[in-house]
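**Q** Sequence first, predicted coordinates after that:
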Amino acid sequence: MNLLSGNLTAVDPLVSALGTLNKSISLFAAFSLVGVLLSLSFFLIEREGKLEENALRLRNIGKVLAGVWFLTSAFQIIITLANILGTSFGSALDPTTLSSFVRQIDLGRFLAFQTFLAGVVLISLTFLRRVLPATVLLGISLLALVSPVFQSHSASSGSHSLAIGSLVIHVVALSLWVGGVFALVLLNDSDRKVALPRFSQLALWAAIAVVASGLINAWTRLNFASAWSSSYARIIIVKALLTVVLLVIGYRNRKSLAQGDKTGWNLLSRVIIVEALIMGAVVALGSWLSGSQPPAGKELPFNAALSIVGYPTPAAPNFTRLLTLYDPDALIIGILITLVALYIKGVVILKKRGDSWPVGRTVAFALGVSAMDFATSGGLGVYAKFSFEYHMIAHMVIGMVAPIGLVLGAPITLALRTLPQGRTPEERGVRGMLIALLHSRYSIVLTNPITALALFDGSLFVLYFTDLFGNLMQSHVGHLFMNVHFLLAGYLFFYVIIGIDPNPRKVPHLFRIVILFAAMSIHAFFAISLLATTTLIDKGYYGSLNTPWLGDLLADQHAAGSIAWGMGEVPIILALIATFIQWMRDDSREAKRIDRNEARMAALGEPDELAQYNKYLSQLQSRDKKEGGS
């Protein structure tokens, strides 16, 4: 788990030892805090979304852990700077040097961001009383944990997206696994019995992710021919062996649960404590590894594209290369695999229950996932890093094609039909949390068609006609941010317009059509504005790659504008057609409802609605005549 990578100057052994110790304490605190928030969010019994007394006690422990994490994270900035400078703490504490490190150096910025988020979690825990905010704090904690990973660019194979993405997955999965076990140790016996079955399911998936991502990351970072004789490799081997032991212990725990705990709860609790101790050793080894340099791989000749993008310059694009090239973005792939696994599990649960699920929805969801993978890791994603024209095609696919498939797959409906209910009548459970989120004031604001339109089309101007685009293109985290933003903004827009999932806001069909025409007009105006540009807007990113088959960069930028105009209209037209179809179906259902109501009233010998209305008009006419006569 190489959280911090880079070439460190020879330093004072005391500074190096303090760095390893501080990082170990920081990871222990962070992982334990993740486990605490995981328990508050999903494992402990709550009452109508409110934390119970035992959960509040666990929250107080979380506050201590958050405080330790905040302090050690802040101290880690100083230790890291001292390591880089090769000096004592005195030089690292110089205000000017320290300020420059956290403001101008990527590693310093990410460490400062981690410290800031740890402080946010610490302050927020003081006011924490409900489950849903605990889940939000869990997400913030995971983001803080992985933030230093994104400054890492070391990969012997040159694949930044594979190395960084696999490391992010590794850290997240390990924190959930290790943190969950640490949290189980903190719980009392009664709460542990409630939490262990749910954690057992999560631990299985987390363990698989830890092993798979660890192997992938080692393959991308190490030159195995020269690594086996190094101390770095020996640490990895010990860590791998301990991980195998943990997998065996976890399997025995799951087996004991499945057999009704015939071995006795006290023995199972002792085994969990042993598991936590072994995990502590794994975390300590990870801290040691993060401060060590892996064996140097084969020296590669300097290549601008390889050093900036992490992928060698591909040959000129053609249809075959677009279909066959593949540069796996491990983080996006991990997210997509998780979504697909959850979707398949939901469909399987429905089938076992005897309920049906439309095949068309499954196909639509699969097409959406495939489009997202093609635009991020496939040939389109590869060429998007080297040409603005292909970047815009990928943007259109991620923001306008993939979301339509995902929305028509109705994942929220599937989740509501398959997520577990609360374990007590008063407990919301995971399903209740999702319902509460859907009906929260934040969801009501987000699902306002004007808000969705502003995020969908308005963000185009903010991104491409400011310095933001050029800045984001310079780093892997910038690419990731854009891809996630395109997908979420597109999903929100099409969810509001053509979504079949429950929506907290009922939007009239006519208003949806107006919004679609507005989106089409704004998109066309954006494309025309891009076509009219006379200067490059990427801040020199594409020029720095020295791509031999890319000639006139401004012409490439104008081609991107043409793509935005032509390709962007098609999904909007498809959404218009879908909206008209949904409108007609709703009218048809309403007509059938009226017909059924009339048939029911006729069977009961009662006048139908038309007869009642005519009678009402006759009564009004008779009353008017009487009043006129008097």
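**A** Perfect, I can see it now.
**Q** going forward, measure contacts between C-alpha atoms and count neighbours the same way
**A** Noted.
**Q** I figured Ala134 hits Leu128, correct?
**A** Yes. Judged on Cα atoms under 8 Å, Ala134 makes contact with Leu128 at a distance of 7.0 Å.
**Q** who's more crowded, those two?
**A** In terms of neighbours (other Cα atoms under 10 Å), Ala134 is the more surrounded of Ala134 and Leu128; the figures are 24 against 18.
**Q** That one should be in a helix, yeah?
**A** Yes. Under DSSP: H, G, I helix; E, B strand; the rest coil, Ala134 sits within a helix.
**Q** residues in contact with it?
**A** Counting by Cα atoms under 8 Å, 6 or more residues apart in numbering, Ala134 touches 37, 40-41, 128.
**Q** any idea of the pLDDT on it?
**A** You'll see Ala134 listed with a pLDDT of 92.
**Q** any idea how far Leu40 is from it?
**A** Using Cα to Cα, to the nearest Å, Ala134 is found at 6 Å from Leu40.
**Q** what do you get for Phe493?
**A** 32 Å.
**Q** between these two, who's got more neighbours?
**A** Phe493 (32 against 29).
**Q** Return the residues in contact with that one.
**A** 449, 452-453, 456.
**Q** Repeat that for Phe456.
**A** 486, 489-490, 493.
**Q** if you set the cut-off to 10 Å instead, what comes out?
**A** If you count contacts by Cα atoms under 10 Å, 6 or more residues apart in numbering, Phe456 has them with 399-400, 450, 485-494, 519, 523.
**Q** could you measure it against Gln421, distance?
**A** Note on Phe456: its distance to Gln421, by Cα to Cα, is 34 Å.
**Q** cool, and Ser39?
**A** Shown here: Ser39 relative to Gln421, a distance of 17 Å by Cα to Cα.
**Q** These two: which has the busier surroundings?
**A** The residue with more neighbours, out of Ser39 and Gln421 and counting by other Cα under 10 Å, is Ser39; that gives 30 against 15.
**Q** Give me the common contacts of Ala134 and Leu40.
**A** Jointly contacting Ala134 and Leu40 under the rule Cα under 10 Å, 6+ apart are 51, 59.
**Q** tell me the domain ranges of this structure?
**A** Under the assignment automatic domain parsing, the domains of the chain span 13-293, 322-568.
**Q** Reformat the ones you listed as JSON lines; add distance to Ile308.
**A** Compiled in JSON lines, the domains of the chain are given as follows (distance: least, Cα to Cα, whole Å):
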{"stretch": "domain 13-293", "distance to Ile308": "9"}
{"stretch": "domain 322-568", "distance to Ile308": "8"}
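**Q** Least confident of the ones you listed, on average?
**A** If those are sorted by mean pLDDT, domain 13-293 sits at the bottom with a mean of 77.
**Q** what about it, distance to the chain center?
**A** For domain 13-293, the distance between its averaged C-alpha position and the chain's averaged C-alpha position is 18 Å (Cα atoms, centre = their mean, to the nearest Å).
**Q** Could you do stretch 363-374 as well?
**A** With Cα atoms, centre = their mean as the basis, the mean position of stretch 363-374 lies at 17 Å from the chain mean.
**Q** How about stretch 323-343?
**A** Centroid separation for stretch 323-343 versus its chain: 12 Å, with Cα atoms, centre = their mean.
**Q** so Gln474 makes contact with Tyr541?
**A** Yes. The pair formed by Gln474 and Tyr541 meets the contact definition of Cα atoms under 10 Å, at 6.8 Å.
**Q** just the helices in the stretch 451-600 of the chain please.
**A** Using DSSP state H, counting those that start in this stretch, the helices assigned to the stretch 451-600 of the chain run over residues 459-464, 468-472, 476-498, 509-531, 541-544, 553-603.
**Q** most packed of those?
**A** Each of the helices of the stretch 451-600 of the chain was assessed for mean neighbour count using mean count of other Cα atoms under 10 Å. The highest is helix 476-498, with a mean of 21.
**Q** the inter-axis angle of it versus helix 509-531?
**A** When axes from the mean of the first three to the mean of the last three Cα atoms, to 10 degrees is applied, the directions of helix 476-498 and helix 509-531 differ by 150 degrees.
**Q** Please tell me how far helix 476-498 is from the chain's geometric centre.
**A** In terms of Cα atoms, centre = their mean, the centre of helix 476-498 is found 11 Å from the chain centre.
**Q** What of stretch 340-347?
**A** Taking Cα atoms, centre = their mean, the mean C-alpha location of stretch 340-347 is offset from the chain mean by 17 Å.
**Q** now stretch 431-451
**A** With Cα atoms, centre = their mean as the basis, stretch 431-451 stands 18 Å off its chain's centre.
**Q** heads up, I number from 324, so please use that
**A** OK, 324 is where the count begins now, so the last one is stretch 754-774.
**Q** residues of the one helix or strand Thr395 maps to that come out buried?
**A** Using DSSP states H and E, the secondary-structure element containing Thr395 is helix 376-408. For helix 376-408, the neighbour count (16 or more other Cα atoms under 10 Å) marks 378-379, 381-382, 384-386, 388-393, 395-408 as buried.
**Q** Then stretch 748-762?
**A** Going by neighbour count (16+ other Cα under 10 Å), the buried part of stretch 748-762 is 750-758, 761.
**Q** Which of these lies at the shortest distance from Ile735?
**A** Of all the buried residues of stretch 748-762, the one with the least separation from Ile735 (Cα to Cα) is Leu757, at 8.8 Å.
**Q** Settle this for me: the closest one is touching Leu742, isn't it.
**A** Yes. The pair formed by Leu757 and Leu742 meets the contact definition of Cα under 10 Å, at 9.3 Å.
**Q** count of neighbours near Met796?
**A** Other residues within reach of Met796 by the criterion other Cα under 10 Å amount to 22.
**Q** Oops, could you answer that again for Asp417 instead?
**A** Summarising burial for Asp417: neighbours were counted as other Cα under 10 Å, giving 11.
**Q** so who does it touch?
**A** When the contact criterion is Cα under 10 Å, 6+ apart, the partners of Asp417 are Ile401.
**Q** repeat for Met695
**A** Residues near Met695 by Cα under 10 Å, 6+ apart: 655-656, 659, 689, 701, 704, 717-718, 720-722, 724-726, 728-729, 806, 810.
**Q** what do you get for Thr420?
**A** Shown here is Thr420, whose contacts under the criterion Cα under 10 Å, 6+ apart are 404, 414, 426.
**Q** Can you check which residues contact both of Gln797 and Tyr864?
**A** When contacts are counted by Cα under 10 Å, 6+ apart, Gln797 and Tyr864 are jointly contacted by Ile631.
**Q** phi, psi of Lys829?
**A** Listed backbone geometry of Lys829 is phi -80, psi 110, with angles given as degrees, to the nearest 10.
**Q** From what I see, it and Asn771 are in contact.
**A** Yes. Counting by Cα under 10 Å, Asn771 is a contact partner of Lys829 at 9.5 Å.
**Q** The two: who's more crowded?
**A** Taking neighbours as other Cα under 10 Å, Lys829 and Asn771 compare with Asn771 leading, 17 against 10.
**Q** separation between that one and Val819?
**A** 8 Å.
**Q** okay, and the common contacts of the two?
**A** Jointly contacting Asn771 and Val819 under the rule Cα under 10 Å, 6+ apart are 827-830.
**Q** Out of the residues you listed, grab the one that's most surrounded.
**A** Neighbours here mean other Cα under 10 Å. Within the shared contacts of Asn771 and Val819, the largest count is held by Pro827, at 19 neighbours.
**Q** Grab the nearest non-local neighbour of it.
**A** Nearest-residue entry for Pro827: His762, 5.6 Å, with adjacent residues in sequence omitted and distances by Cα to Cα, 6 or more residues apart in numbering.
**Q** residues contacting Trp392?
**A** Counting by Cα under 10 Å, 6+ apart, Trp392 has contacts 345-346, 348-356, 386, 398, 437-438, 441-442, 444-445.
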